[in-house]
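Asks: Here is my input, please return the structure:
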Amino acid sequence: MTPADLAKSTTHFTQAIALDPGYPQAYANLSQAQFYLGLFGMGPASELFPKAKASAAKALELDETVAAAHNALAVIHILYEWDWAAAEAECIRAVQLSPNDSVTHVHLADYMSIQARHDEAIAEYKLALELDPISCMYIGFFGLILHRARRYDEAIAQCQKALEIDPNYANAMWFMALSLEQKGQLAASIANLEKADSLHAGPPVRALLGRAYALAGEPTKAEDILEELKTLSQQQYVSPFDIAVVHAGLGDMTSTFQRLEEAYQQRVFRIIELTFPMFDNLRSDARWQDLVRRIGLPN
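Replies: Residues are numbered from 1 along each chain as shown. Presented below is the predicted three-dimensional model:
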């Protein structure tokens with residue numbers, strides 16, 4: 001579940017398909033690897049998510065009962081197409097097909113969380129953890145589900161549990177940093193982001209670090225990261241959403257919304273984070289309300 005490992009996994013799944021073109025699970029797993037690459041911003045969403053959708057469709061053409069393919073389609077509907085009814089239907093179908101697979105419950109809980117159905121999401125996620133109680137990935141991601149519900153102390157505790165299993169699990173560090181920021185513990189938030197950044201967690205974490213520096217009264221450091229991301233974007237893909245995150249921290253609302261609009265036009269999945277607590281100060285802005293309405297998120 002790191003960008004480098006996901007890139008390697010796509011190679012192996014592609015080799016598996018070459019050896020057996022009729023193997024549906026390989027297409028389903030390739031689809032998941034492709035959408036996670038899009039999720040981590042390792043390429044344009046307009047390139048990676050359609051590839052993921054095609055792989056999932058091929059899996060279901062071969063065997064409609066492959067739950068992983070339904071999970072993949074659900075994520076594509078959520079993160080790229082913003083087709084919320086279709087997303088829920090795919091999540092439910094995956095759970096029906098594989099009720100003892102923790103990942104199906106994780107995807108359903110994530111959908112519910114994004115739709116602000118927080119109590120349902122938390123209950124569903126607990127089912128996933130009952131099925132797989134020792135996965136640092138699932139334990140850490142529960143921290144993000146709790147963060148969206150604004151249950152910050154519980155979110156921090158959950159991320160700490162994940163880090164007890166794997167002290168270098170970067171995702172848990174930045175999930176925890178989000179909740180620490182909301183509690184006003186900016187120094188601790190920055191420390192977590194700096195460590196995650198040192199583990200090469202990629203532009204999303206770098207952007208959050210820039211935002212945190214700005215909020216902590218260190219605008220020069222934030223501006224340095226902003227320029228670094230802009231320069232990097234000339235060499236590789238950098239999401240305009242990440243650049244918007246730093247502008248928001250610096251209080252430059254004109255540039256923030258310009259970049260958010262770019263992210264919307266590019267269908268960058270992280271635009272769904274507009275309803276995260278870190279953007280609560282934008283809720284009264286008509287531009288925020290318009291974006292949220294167009295995406296179909298709960299206001």
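Asks: Low-confidence regions, this structure specifically.
Replies: Scanning the chain for pLDDT under 70 picks out 1, 41.
Asks: so what's the most centrally placed residue in it closest to, chain neighbours aside?
Replies: In the chain, the residue lying closest to the centroid (C-alpha atoms, centre = their mean) is L39, at 5.6 Å. Nearest non-adjacent residue to L39, counting by C-beta to C-beta, 6 or more residues apart in numbering: F269, 6.1 Å away. The C-beta positions use only the backbone N, C-alpha and C, and glycine is treated the same way.
Asks: Pop out the phi and psi values for that neighbour.
Replies: When read as degrees, to the nearest 10, the backbone of F269 gives phi -60, psi -30.
Asks: Near it, how many other residues are there?
Replies: Using other C-beta atoms under 10 Å, F269 is surrounded by 24 other residues.
Asks: Same question for F35.
Replies: Residues within reach of F35, counting by other C-beta under 10 Å, total 28.
Asks: was I right about it contacting V75?
Replies: Yes. If you go by C-beta atoms under 8 Å, F35 and V75 touch, sitting 5.2 Å apart.
Asks: hey, what's in contact with both of those two?
Replies: Common contacts of F35 and V75, defined by C-beta atoms under 8 Å, 6 or more residues apart in numbering, comprise A52.
Asks: ok, now which ones touch the residue nearest to L39?
Replies: Going by C-beta under 8 Å, 6+ apart, F269 touches 38-39, 45, 49, 78-80.
Asks: can we see that at 7 Å?
Replies: By C-beta atoms under 7 Å, 6 or more residues apart in numbering, F269 lies in contact with 38-39, 45, 79-80.
Asks: Same check on A214?
Replies: 222, 249-250.
Asks: Could you export those to TSV, including columns for neighbour count and distance to P167?
Replies: Formatted as TSV, those follow (neighbours: other C-beta atoms under 10 Å; distance: C-beta to C-beta, whole Å):
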residue	neighbour count	distance to P167
A222	23	27
G249	24	27
L250	18	32
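Asks: What are the boundaries of the helices in the stretch 1-150 of the chain?
Replies: Applying DSSP state H, counting those that start in this stretch to the stretch 1-150 of the chain gives helices spanning 3-19, 24-39, 45-62, 67-76, 84-97, 102-114, 118-131, 136-148.
Asks: Could you check how far the fourth one is from the centre of its chain?
Replies: Averaging C-alpha positions (C-alpha atoms, centre = their mean, to the nearest Å) puts helix 67-76 15 Å from its chain's average.
Asks: repeat for the last one
Replies: Here the centre of mass of C-alpha atoms in helix 136-148, compared against the chain's by C-alpha atoms, centre = their mean, lies 11 Å away.
Asks: can you pull the buried residues of the helix or strand just after it?
Replies: With elements assigned by DSSP states H and E, the helix or strand that comes after helix 136-148 is helix 152-165. For helix 152-165, burial by neighbour count (16 or more other C-beta atoms under 10 Å) applies to 152, 154-156, 158-159, 161-163.
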